[in-house]
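Q: coordinates for the following, if possible.
(one chain, ligands or ions: 1)
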Amino acid sequence: MAYYRFPQYLDQSDHAAFGALYEPGHATPFSGIYRCETCGHNAVSTEGHPLPPQNHHQHPSWEAIRWRLIVAAH
Ligand SMILES: [Zn+2]
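A: Below is the predicted model:
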């Protein structure tokens with residue numbers, strides 16, 4: 001889960017970028033906070049740099065990491 005204190009600094013968005021799932025190591029499309037769809041683990045990644053790799057964290061079931069953008073920096 002990601003946390004924030006000041007809601008006035010965050011805007012809700014239906015941008016398509018939040019609907020996509022990305023493989024570990026994929027080039028980060030937008031700087032921000034990404035959430036693993038499998039376990040909920042969060043990571044920060046910068047646009048153009050690779051998203052965290054498959055060995056970023058382990059799942060008990062050895063399922064793959066899939067990253068979803070949950071907070072974008074603008
Ligand atoms: Zn995970």
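
Q: phi and psi next, for the spatially most central residue of the chain.
A: The centroid of the chain falls nearest to Y34 when counting by Cα atoms, centre = their mean (1.1 Å). Backbone geometry at Y34, expressed as degrees, to the nearest 10, gives phi -110, psi 150.

Q: same question for F18.
A: When read as degrees, to the nearest 10, the backbone of F18 gives phi -80, psi -10.

Q: setting aside sequence neighbours, what's the nearest residue to it?
A: Nearest non-adjacent residue to F18, counting by Cβ to Cβ, 6 or more residues apart in numbering: L69, 5.4 Å away. C-beta here means a position set from N, CA and C on the backbone, and glycine is covered the same way.

Q: and the one you found, that's in a helix?
A: No - applying DSSP: H, G, I helix; E, B strand; the rest coil, one finds L69 to be strand, outside a helix.

Q: that older thread, wait, isn't the residue nearest to the centre of the chain in contact with P50?
A: No - counting by Cβ atoms under 8 Å, Y34 stays clear of P50, with 11.5 Å between them.

Q: the ion contacts on the chain?
A: Within the chain, the positions adjacent to the ion are C36, T38, C39, H41 by Cβ under 5 Å from the ion.

Q: sort out which one of the residues you listed lies nearest G19 for me.
A: C36 (15.9 Å; Cβ to Cβ).
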